[in-house]
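Colleague: Return atomic coordinates for the entry below.
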Amino acid sequence: MSRLDVHQFICRSDNFAVLLHDPETGTTASIDAPDAAAIRRELANKGWRLTHILVTHHHGDHTEGIAPLKSETGCKVIGPKAEASKIQGLDQLVGEGDTFKLAGHQIDVIDTPGHTAGHISLVMPDQKMAFVGDTLFVMGCGRIIEGDPQMMWNSLQKIARLPKDTELYCGHEYTVANAKFALSIEPDNQKLVERAAQVTAMRARNALTQPTRVDIELETNPFLRPHVPAIRERLGMKDKKDWEVFAEIRERKNRS
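Modeller: Down below sits the predicted model:
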């Protein structure tokens, strides 16, 4: 099976937009639709025609471009069945355990609620890629808006259990701020120290910090590391459950 072309760019203020293109069939999908004008421009620059929009969750900064892009292209819109009432224009509803094909490539759907109640993530095993929306960020995770900490922790664990070399594409470029916060939680993690310096330099030259990878996040993302003794000690939560430690880290990030 051929390798898909991946084109990503920043739109709005800090949204990652991602286009997937199959050179053999011309199939082109947008992961979410944060900004119709920006997506339209990048499609034109690439000479690609939009055929699909794959939606992770209902927030406007991920869905506002659906209506104009669908009207212009007739593209098929696939998104979370649990949020069907909140997303206009869905043609196919999917949820946990569902699979579908994009130009012959299998996409597995996992429910990852917490940021929103019906959030989904999309995994492409043959491409070793996953699109996780606002559930996980580089060295961070999404705010818990419609769920609770235990729900979000369970969702993050689903992503953490993907094959270690899976590339992760997230919804926003928050990396520098996330790195600074992560260092406040685990300052003696040398891999985190090195990565924080790396991503800060990347952003200084306007380079994009994703995709990240499962193994990298397991080593440097404090939201995936509540089991680490040094973190538990620092937070004074030595005997707490992992999800409780996660909840404390998330609350500290909310206040940061």
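Colleague: make it CA atoms for all contacts and neighbour counts henceforth
Modeller: Noted.
Colleague: What is the neighbour count of Pro187?
Modeller: Using other CA atoms under 10 Å, Pro187 has 15 other residues around it.
Colleague: What pLDDT does the model give the closest residue in space to it that isn't next to it in sequence?
Modeller: Leaving out its chain neighbours, the residue that sits closest to Pro187 by CA to CA, 6 or more residues apart in numbering is Val193, at 7.2 Å. Val193 carries a pLDDT score of 98 in this model.
Colleague: what's the distance between Val193 and Val214?
Modeller: Distance of Val193 to Val214, computed by CA to CA, to the nearest Å: 18 Å.
Colleague: before we move on, the earlier item: what strand or helix carries the residue nearest to Pro187?
Modeller: Assigned by DSSP states H and E, Val193 belongs to helix 190-204.
Colleague: Over to Phe9?
Modeller: Assigned by DSSP H and E, Phe9 falls in strand 5-11.
Colleague: since we're on the residue nearest to Ala117 when sequence neighbours are not counted, how many residues are nearby?
Modeller: Of all residues not flanking Ala117 in the chain, Glu146 sits nearest, at 5.3 Å (CA to CA, 6+ apart). Per other CA under 10 Å, the neighbour tally for Glu146 reads 14.
Colleague: mind starting the numbering at 10 from now?
Modeller: Fine by me, first position is 10 from now on; the one you just mentioned is Glu155.
Colleague: could you check the distance from the residue nearest to Pro196 over to Glu257?
Modeller: As for Val202, its distance to Glu257 is 22 Å (criterion: CA to CA).
Colleague: cool, Gly35 as well?
Modeller: Applying CA to CA to Gly35 and Glu257 gives a distance of 46 Å.
Colleague: now do Thr36
Modeller: 43 Å.
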